[in-house]
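Student: following is a predicted model, sequence given first.
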Amino acid sequence: MIRSFVSLILFASLARPQAADLLISGRYLVAMDPARRVLEDAAVAVRGGRIAAIGPRAEIEKRFPAARRIHRPNALIAPGLINTHTHAPMSLFRGIADDVNLQVWLEKYIFPAEAKNLNAEFVRWGTRLACLEMLLTGTTTFTDMYYFEEVLGEVAREAGMRAVLGETIIGFPVPDAKTPAEGLARTEAFIRRFKDDPLVTPAVGPHALYTNSDQTLKACRALANKYSVPLLIHLAETKREVEETRAKRGASPVKVLESLGVLSGRTLGAHGIWLDDDDLAILKRRGVGLAHCPSSNMKLASGVAKVDKILNLGIAMGLGPDGPAGSNNDFNLFEEMDLAGKLQKITTGDPRALPATRILEMATITGARALGMEREIGSLEPGKRADIIAVSLDGANAVPLYNVYSQMVYALKGSDVTDVVVNGRLIVENRKPLTLDPTAIRRKAEEYGARVRASLGQRR
């Protein structure tokens, strides 16, 4: 009798209307929860920056009277997309050098352009441009490795985006640090400033094994573990990198990093193309996440990651566009989803490789797991952060619709995104950015483009 009475009280409390800050609804809701539910005519109630409930629209509207409502009767409501690897300020180097290999791109173009142009304000405006593009194409979380990351943190807050930001540490002088020791000191100050920020997760970003000393790499791991933050590193991106490491050190980059203790903690490796079975066993044992960048890998002819094999082993691999300055010229994760699937199919000779459901997982919940953030983001579940997008189904490319996952991955485009919510805050509404000024950003981007061209002796 007592148990029944308690159950009745609990039911009554759950049924009682509860005020919400925002209610967003649409034709379909793609939850990406463990059951991979797709709900029709459904809604998400948001309160205090988190998801209060999802379910049939009529039920959610009754239970959660909202201060603000966004109803898109012909749209998909989905988790915001998660970019697991990029270099946001490099938006201002977009197209500076194309159709060259990675070493030429870095040594002949990027490093000289950075040396002559890069400062905190360049990073500020480049990040604003990147955030504008990412938001308008449905990305709500981005993972960055670059310089002046405290400025990226400020811009992420300004834009209202979620960000995992790794201050780059590298073995030669760069614009924000003349030595690795100075870079480590800057990184620690950056971590302390943003450690408990609701949007920004600070990280340690040693560029790569081949650009840092063993001592520096060990110090990076110690710093990341001291503050329980991620370590981000480029890993096995090119065949040349792996061959040179084996020739010099008698082991693969993964094995060298493992021997140094660098993988002993929360880690995300970018690219992960040239990994053998022993490498994958180490990564799985250490719980290392990976970021797959299909556009970049194709454009630089770096190779093809064994994505299906990696995922089948239980290693979390997300998606990223890399930097928009030769390795890729945009930040569009819809494009990365499409290419990821097609690249696996053509290289394996199996059209069943990397199906659409798994690709959307990479862009959402699996990407969150690669970052160690799956309890907070990556799916639409009560209690998680309210990072949500609405994707229009009004375009000619959106009909007919037989399978929601297939449509998201192979048919819909970043330009179909209409609304973006991050941490419960509406920051794009009906394709209009609410936190960033597109006109001012475009004007500044043109100014910086002219400066960069002049610094390299280029003409338009």
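Tutor: Received the coordinates, thanks.
Student: walk me through the domains of this structure.
Tutor: As assigned by automatic domain parsing, the chain contains the domains 17-79+386-429, 81-370.
Student: measure the longest one end to end?
Tutor: Criterion C-alpha to C-alpha, to the nearest Å; first-to-last residue distance in domain 81-370 is 13 Å.
Student: so how far is it from its chain's centroid?
Tutor: From the chain centre to the centre of domain 81-370 is a distance of 9 Å (C-alpha atoms, centre = their mean, to the nearest Å).
Student: and for the shortest one?
Tutor: Chain-centre distance of domain 17-79+386-429: 20 Å, with C-alpha atoms, centre = their mean.
Student: which SS class is His71?
Tutor: strand (DSSP: H, G, I helix; E, B strand; the rest coil).
Student: distance of it relative to Ala42?
Tutor: Per C-beta to C-beta, to the nearest Å, His71 is found 11 Å from Ala42. Using the backbone N, CA and C atoms, a C-beta is placed for each residue, glycine as well.
Student: Leu300 too?
Tutor: For Leu300 relative to Ala42 (C-beta to C-beta), the value is 41 Å.
Student: nearest to Arg453, of the domains of the chain?
Tutor: Closest of these to Arg453 is domain 81-370, at 8.6 Å (criterion: C-beta to C-beta).
Student: quick one on the thing from earlier: looking at His71 and Ala42, which one has more neighbours?
Tutor: Between His71 and Ala42, Ala42 has the larger neighbour count (other C-beta atoms under 10 Å), namely 24 against 13.
Student: contacting residues around that one?
Tutor: 25-26, 28-29, 54-57, 60, 77 (C-beta atoms under 8 Å, 6 or more residues apart in numbering).
Student: in PyMOL, how would I select the buried members of those residues?
Tutor: The PyMOL selection below is limited to those of the contacts of Ala42 classed as buried (16 or more other C-beta atoms under 10 Å):
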select buried, resi 25+26+28+29+54+55+57+60+77
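Student: now intersect the contacts of Ala42 with the strands, please.
Tutor: 25-26, 28-29, 54-56, 77 (DSSP state E).
Student: list residues touching both of His71 and Ala42?
Tutor: Shared contacts of His71 and Ala42, counting by C-beta under 8 Å, 6+ apart, come down to 25-26.
Student: is it true that Lys112 touches Val452?
Tutor: Quick fix: residue 112 is Pro, not Lys. No: applying C-beta atoms under 8 Å, one finds Pro112 not in contact with Val452, separated by 10.3 Å.
Student: need the phi and psi values for Cys187.
Tutor: Rather than Cys, residue 187 is Thr. phi -60, psi -40 (degrees, to the nearest 10).
Student: looking at it, it is touching Ala224, isn't it?
Tutor: No: Thr187 is not in contact with Ala224 according to C-beta under 8 Å; the separation is 9.1 Å.
Student: hey, what's in contact with both of those two?
Tutor: Shared contacts of Thr187 and Ala224, counting by C-beta under 8 Å, 6+ apart, come down to Val204.
Student: circling back to that earlier point, output the domains of the chain in TSV, with mean pLDDT and distance to Ala440 appended to each entry.
Tutor: Shown next, in TSV, are the domains of the chain (pLDDT from 0 to 100; distance: least, C-beta to C-beta, whole Å):
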stretch	mean pLDDT	distance to Ala440
domain 17-79+386-429	98	17
domain 81-370	96	8
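Student: format those domains as JSON lines; extra columns: distance to Ala445.
Tutor: Listed next are those as JSON lines, based on distance: least, C-beta to C-beta, whole Å:
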{"stretch": "domain 17-79+386-429", "distance to Ala445": "18"}
{"stretch": "domain 81-370", "distance to Ala445": "5"}
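Student: so which of the ones you listed is nearest Glu447?
Tutor: Nearest of the domains of the chain (C-beta to C-beta): domain 81-370, 8.5 Å.
Student: before we move on, the earlier item: okay, Pro112 and Val452: which has more neighbours?
Tutor: Val452 (20 against 14).
Student: now do the helices in the stretch 201-350 of the chain.
Tutor: With DSSP state H, counting those that start in this stretch as the definition, the stretch 201-350 of the chain shows helices at residue ranges 214-227, 239-249, 253-260, 277-286, 294-299, 307-312, 333-348.
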